[in-house]
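Novice: sequence and predicted structure below; questions after.
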Amino acid sequence: MAEILFSSWGGEVVDNRSKEPQEYETASKVSLPEYFQQNEEIKALIGWYGIVLRTSEVNIVDLCRTYMEAIQEKSCGKCFLCRIGTKVIADTLGRMCRGKGRQADLEILARLAESISESSKCNIGQSGPLPLRHALEYFADDFALAANGGAAIPAGTYRSKLTAPCMDACPIHLDIPTYVECIKEGKFQESLDVIRERLPLPGVVGRVCVRPCEEHCRRTNLDEPISIKFLKRFVSDYELEKNKEPHYLVEAAEKTGSVAIVGAGPAGVTCAYHLARKGHQVTIYEKLGEPGGMSAVGIPDYRLPRQILRGEVEQVQKLGVTIHYDTQVGKDIKLSQLEADNDAVFIAHGAHLSSAMRVEGENDGYKGFITGVQYLLDINLGKDPYPEGKKVVVVGGGNVAIDCVRCSFRVNKPDVNLVYRRTRNEMPADEVEIHDAEEEKVVFHYLTQPIKVIAENGKVVGLQCIKMELGEPDESGRRRPVPVEGSEFIIDCDIVVPAIGQTIDLSMLEGIDKVETTRWNTIVVNEFTKQTENPKIFCAGDCQTSPGALITACAGGRTAAINIDKLINGLNLEAAEDDYFDKLFDVVKVYDPAEDIGFLGGRARYQLEMLPPDTRKWTFDEVEKGFSPQEAMAEADRCLRCYRVATIAVTEATS
Amino acid sequence: MVTLTIDGKEVKVPQGTTILAAARTAGIRIPTLCYHGRLDPIGSCRMCVVEIEGIAHPMAACTTPVEEGIAVISNSDRIQRIREDSLKLILVNHPLDCPICDKGGECLLQDLVYEFGIDKVEYQAPKPARESLYATPLIRYWPDRCVMCLRCVTACREIKGIGAIEIKGEGYGSQVVVIDAEKCQSCGECLSVCPTGALTENLSRFKGRPWLVERVPTTCTYCGCGCQLELNVQNNRVIGVTTQEGKGVNLGSLCVKGRFGYEFIGSDERLTTPLIKKDGEFKEASWEEALTLVAERFGAIKEEFGPDAIGGLSSARCTNEENYLFQKFMRGVIGTNNVDHCARL
Amino acid sequence: MTNPIKDVLKAKAILAIGTNTTENHPIFANYVKEAVLKRGAKLIVADPRRIGLVDYAAIWLRHRPGTDVALINGLMHIILHKKALHKKEHIETCTVGFEEFAANLEKYTPEYVSKITGVSVEDLEAAAVIYAESSPASILYAMGITQHTSGTDNVKTLGNLAMLCGNIGVVGGGVNPLRGQNNVQGACDLGALPNVFTGYQKVADEEVRQKFAKAWGLEELSAVPGLQVTQMFPAAEEGTLKGMYIMGENPLVSDPDLHHIEKAVKKLDFMVVQDIFLTETAQLADVVLPGVSFAEKDGTFSNSERKVQRVRKAIEPVGEAREDGWIICQLATAMGYSMEYVDSRTVMDELRKLTPSYAGISYERLEKKAIAWPCPTEDHPGTPILHVGEYACGKGVFFPIEFRPPAENPDAEYPFILSTGRVLQHFHTGTMTRKGEGLSQLYPEPLAEVNPADAEKLGVEDGDFVNIASRRGNIKVKAWLTDRPAPGVVFVPFHFGETAVNQLTNAALCPDSGIPEYKVCAVKVEKAS
């Protein structure tokens, strides 16, 4: 990170302008990368929390002009002050930059900036004039000059981008404020249209998403985050309930081609959806007899009813996508064949192999020892994986482990245990899921590590474990569990389900050129394009990222589709400006959990009605009931619409 | 119930009440422009912002629900500045054509600018030349006068369930446009909620200034919904139909017939005198001649063929009292039960 | 209507059958749409035409015109016999006639009903489940139900459906006919019917007759129920009816089989028409008396939800035109019976004394708010919802109803079904809505709605003129190609006297209500030269 000349970011003023470089203070609230894209140095940043200047080459008045023009352009027009006021400001700054400033302008700028940021309806208007207020305060001389006959200021080079905390956190960057606003206004169909610009599976994602958006919801600073996930589910349910046919924007590309996709999971289906909307011929090859991949196998019906998943995939098929089920690539058809027959191939077959626990007895083929993936697969295909077994121990702390325990009740296993080597605080599973499992009376064994599967006559009879305690933090920042000597004990059971993670089956890649893999068995791609070293082959989803969130897989599928379309149309596969902004926002945070918003809060989120634990734990009926239209509209009304704009000044690197 | 204070006055209101509604219960006026009682709060004008003790940011009273124990300050120098700026910004491009504006005299913008005594606007932005983008034959749209409060957009969507109009574009260039002209039913809901003269009724344009018009509340003459409306009368002519917010089964809404179907009242084709047919031609007659003739002829038929040789059709157009009188006439004077009306048709 | 209009906002499901609500009751439609869009109610639309409400419906049953009884029986068969979703307790405690009714439903299997109505078995089942599982559920209907030879059966069948699912006498439920005219409710309430005095008091009832005779200062009143409107014209044609007094009606456009009506009217010895315009009917009168519009008189109207509301005089009558009440009174006086009233309030005060359901409705109270009858006393609040806790005459009666096809069905010579009705922009015979520029600009001339599939076979393009002929007459009208009617069905509005579609309609009547079958007659359609 290079030194900073001035920063007002987050209200912390660091002013090094009159100091020698060696005396420069550093800013604690922001760090600014040196480069935007290759060969473009970042000279200044202006945005929601203030101004960061790296050099005095950037003219502050021109920077503010550019930024306020961007704010004006992104203003939605739905409140008076932002719509007209930011125009007046942008025009005034423009005039000052042309050397036509007037003394009165300074007062106008100051007064309007204050009124607009104090009273605008949403965060565009609230955050937009804030850095201008900083500039007027700390760069008064520059503004005074521009207002009093200063020369015309040459325009610099800038890049601007609209974002929002939730939208930035969402891997597929759904335009959440807009679709939530549509719900608030009762425009449910329009809301779905906004979602479907990027995501074909609103009903699925609206049920099972890990919702990074809600973790970055600015309303949290006031009371509680918006229930974004369930709002998405609501619009999707509403469409189904009203028997509305979804409508999709289909716009054929200039050149269309044929694309083969391996796997009908979230990544594959999303990729197929975007390619089909561009008019490409898409064929999906799916190993199972069902669409959805890990979301069909690994997510139980009580969280994601089967017909929702099937229904949304069927809609994608209506766009002209063909799916061959029960067809395993690498076995039933060679990947090389697909490569030869198509313009591009997208690999998205997921991570379906269970990771080994590395304990004694796990490879001995005992009856009652069933991997987590297999366990869920059986249950979700409607059968009891091991009818003899009644007492279950699931090992692991992720969502798959939680699904395994909760499913166990639903195939009539009365005694259900979960073994996890750290504490509840470190559990990676969704908090809500853990809570629900607790409500359903799963027995949790924390700080417990399995060491041996105990069997008699080839059947599981117990799991030997050892107690753990938390030691020093490891590289992930979590405290490392260490065994407590002599604390071994046995949990009696007849089913052991290891669910500590999944790995990727790479056997299909045999005989394929230039597709590289990592030591974690993932497939290597260009991060911006999802293209492998083999230009015709693209890859995303769990098999590229290792097991991750469903929405991340969808995002990968979308990126791949965009780039496959470019490939077919003979365009360069380069990162877009948006991709570089994504990188920038990894460093310059869009959301600050410590921000004091200064609004009146106290409006709790609407809770979904749920089946009571005693009833629900024995059935596969969906546990959570959806919002009613009124509840959805009221919940959407809590959204603060935190759109915000960042503008950076860039120059081509000299060296 | 939630207890709060507004300007020091204690107010108790049910949970979920907005600050604006709470203030109104307490008799404290907070100025509004986009707020309309029939619509969900819009929050576009920001005129209703208030301060709350301990909360840094001013809040819009129309969209903010009350919280237990808050102390609301309905006005302050800061609030006054924001409200003035909101109005001044509207005046940046609002044509001051009040002398020829049908809304002049009952325009909310006019009232607010007057109330705030805004006599000069230091802000500037180019006035975009905007053409009339939509207007049904019955509704005239004056985009220059539109303040984009979005009442019309909200009404079309919320009350009519149609959504034929929407805000489009971004920033200063955004405007209210028709997104689905086919769906527009010319009901005039947009027109009736418009606080300014941006939407005016084409039929009564330039026909009467609001302060010269008498408004007579009555019941609509068309379908059986029984909407409450006001006939606008000037010089013994009905020149328009308006409604009162929240009044009647229609809550101030009307359909295209109720709002625009009043021209027949003053039609040149109205019958203005009794007519008697002589040799196949109608001749104008006095009431006395006509009534005498009818009485004679009905009397003669009754005499010769009995009362049941006469039939009477009453009218679903007429009042209860008239229907009563009609059947009384048929049953009591003619002496027959041959009386019916068009209920079946 | 059993329930108030805004009550529909509380319904969880709404069955709209035979009502083109968005065009004919637009304000009611506001609330139906709000119930669906904002409150999550599920709307079932049953209509042969793709009417505006279809866009808001969870399910649309496009049944063949005139098959309503079969359709509803089919839904009830599913609810009762297939899914057992009926409200047993309600049926046991509040109704009679269930056994016979249930037995009658047995043959209305989804497959059988699907064959009659053209609605798929899946749609029938889905609709039945929605109606039965959503409580409360409201039924709305209008002339699409009543204007059939089976009109009364249709209404009774809807009553059966509501009772089967316990939807009578509850908020958000009910069976709700939407009244087509501003004061059709009031005209019925105030005795403009051949068999009853005000408040539905029977003329056949001796005691009632004496009460009225006494109040009116007369010796006696006729006990013989009179002729219905649809019987008067045949009586005129036969020569038994000699004179007619028509106030504010235009049968020469509104009634079925106009050629017959015209013949009948011409045979009358004497006809007086009292109206505000020289209507098609007035032109045939011997004497025309100029009445006034609603803007020129005081009084009350009773709306569809039985609410009595004030009408207020806004302007003085034009020219020599006079309030209709004044004219009636003058005529009575000229015939030797003095009728004198100071104003409409005194008329109301007289009729209140004779009409128990209106007894408590005074002008003083109406100044403050509208009141729904029955309102027997001045301190009674009125009755927004009928049959709360009990039915009007004790228990609700289930009627076993059989499906009967319409009187005239399409055949080789007349292969199309013609339905008539209204459009949004006009009202009834157009005497009011067509007198100004405003509404006529929006809908200037009659349009025959023809399905594009039919149009293609007929070689007709949008805007071409077609000849539509029935066994009774023919008209030439411009075609509008639209999927609003199903193939094989044409729809023509009846507002236009110069292209009076009622020259074609069938005067076959519902035997109980006397309502003509406007919604179904057989016609042929040809491209006009």
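Specialist: Sure thing, it's come through.

Novice: tell me the secondary structure for B:Tyr114?
Specialist: Reduced to three states with DSSP: H, G, I helix; E, B strand; the rest coil, the structure at B:Tyr114 is helix.

Novice: can you tell me how far A:Gly601 is from A:Arg211?
Specialist: The gap separating A:Gly601 from A:Arg211 is 20 Å, by CB to CB, to the nearest Å. Where C-beta positions appear, they are placed from N, C-alpha and C, glycine not excepted.

Novice: quick one, what contacts C:Arg345?
Specialist: C:Arg345 sits next to C:298, C:363 when contact means CB atoms under 8 Å, 6 or more residues apart in numbering or on different chains.

Novice: what helix or strand is it on?
Specialist: Assigned by DSSP states H and E, C:Arg345 belongs to helix C:344-354.

Novice: and the next helix or strand past that helix?
Specialist: Next along from helix C:344-354, by DSSP H and E: helix C:363-368.

Novice: tell me the contacts of the closest residue to chain B within the stretch 1-150 of chain A?
Specialist: Residue nearest to chain B within the stretch 1-150 of chain A (CB to the nearest CB): A:Gly77, separated by 2.9 Å. By CB under 8 Å, 6+ apart, A:Gly77 lies in contact with A:83, B:148, B:167, B:169-172, B:174-175.

Novice: between those, which sits nearest chain C?
Specialist: The nearest member of those to chain C, counting by CB to the nearest CB, is B:Ile167 at 19.2 Å.

Novice: now do the SS call for that closest one.
Specialist: strand.

Novice: how about the stretch 401-550 of chain A: which residue is closest to chain B?
Specialist: A:Val432 (26.0 Å).

Novice: which non-adjacent residue is nearest residue 232?
Specialist: Went with chain A since none was named. Leaving aside its sequence neighbours, A:Lys232 sits nearest to A:Gly206 (CB to CB, 6 or more residues apart in numbering or on different chains; 3.7 Å).

Novice: let me rephrase: I mean chain B.
Specialist: Per CB to CB, 6+ apart, closest to B:Asn232 is B:Gly240, 4.1 Å.

Novice: partner strands of the one helix or strand the one you found maps to, parallel or antiparallel?
Specialist: Assigned by DSSP H and E, B:Gly240 belongs to strand B:237-242. Strand B:237-242 has these partner strands in its sheet, going by DSSP bridges: strand B:228-234 (antiparallel).

Novice: pull the distance from stretch B:76-92 to the chain's centre.
Specialist: 28 Å (CA atoms, centre = their mean, to the nearest Å).

Novice: contacting residues around it?
Specialist: Residues contacting stretch B:76-92 (CB under 8 Å, 6+ apart): A:80-81, A:84-85, A:88, A:111-112, A:114-116, A:118-119, B:31, B:33, B:45-47, B:49-51, B:58, B:73, B:109, B:112-113, B:116, B:118, B:121-125, B:127, B:147.

Novice: same question for stretch A:293-306.
Specialist: A:204, A:207-208, A:263-268, A:286, A:288, A:290, A:309, A:348-352, A:373, A:376-377, A:379-380, A:400, A:403, A:406-407, A:410, A:502, A:541-542, A:547, A:550, A:616, A:619-623.

Novice: and A:Gly601 and A:Arg211? which has more neighbours close in?
Specialist: More crowded of A:Gly601 and A:Arg211, by other CB atoms under 10 Å in any protein chain shown: A:Arg211, with 24 against 16.
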